[in-house]
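1. Coordinates for the following, if possible.
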Amino acid sequence: MPSPDNPDRSKPEIGWLGIVETLLLQVLVLVALSAAVVRYVSWSSDAAQAEFTAAGKPALSGPAQQPQPAAPVEIAKGQKACPRKT
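-> Numbers count the residues shown, from 1 in each chain. Alright, predicted model coming up:
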């Protein structure tokens with residue numbers, strides 16, 4: 001039985017405007033997420049590169065620190081003892 005609003009057609013109309021709006025919204029969300037990911041990767045890469053280059057430079061603040069010598073190795077009965085784990 002045909003509906004009273006649409007007596008000539010047995011199938012309801014497809015809302016093409018709604019479909020286009022939904023697709024447009026999905027594309028906009030995808031573009032925004034992609035831009036956020038690209039910006040984050042760029043930021044983290046810059047931070048990692050700055051940390052890497054700073055690690056190779058000597059520290060300018062405070063007195064120059066000399067590396068501590070390793071603990072002396074004890075010799076027991078002609079053989080070197082195993083280093084202690086702390």
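2. Now A36: which helix or strand?
-> Taking DSSP states H and E as the criterion, the element that holds A36 is helix 16-55.
3. Only the buried residues of that helix, if you could.
-> Going by neighbour count (16 or more other C-beta atoms under 10 Å), nothing in helix 16-55 comes out as buried. Just so you know, the C-beta spots here come from the backbone N, C-alpha and C atoms, and that holds for glycine as well.
4. what about that helix, average pLDDT?
-> For helix 16-55, the mean pLDDT works out to 94.
5. Let me see the backbone angles for I14.
-> I14 adopts backbone torsions of phi -90, psi 130, taken as degrees, to the nearest 10.
6. ugh, typo on my part, it should be P12
-> phi -70, psi 150.
7. Burial check on it, number of neighbours?
-> 9 (other C-beta atoms under 10 Å).
8. Please report the distance of it from A54.
-> 65 Å (C-beta to C-beta, to the nearest Å).
9. ok, now V20?
-> For V20 relative to A54 (C-beta to C-beta), the value is 51 Å.
10. cool, and D46?
-> Noted for D46: a distance of 12 Å to A54, by C-beta to C-beta.
11. what about dumping the CA coordinates of stretch 11-20 to CSV?
-> Taking Å, rounded to 0.1, in the frame of the first residue of the first chain, the C-alpha atoms of stretch 11-20 are listed here in CSV:
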residue,chain,number,x,y,z
LYS,A,11,10.2,3.1,-2.5
PRO,A,12,11.2,6.0,-0.3
GLU,A,13,13.6,8.7,-1.7
ILE,A,14,17.2,8.6,-0.8
GLY,A,15,18.4,11.7,1.0
TRP,A,16,21.4,12.6,-1.2
LEU,A,17,21.9,15.8,0.7
GLY,A,18,22.4,14.0,4.0
ILE,A,19,24.8,11.5,2.4
VAL,A,20,26.9,14.3,0.9
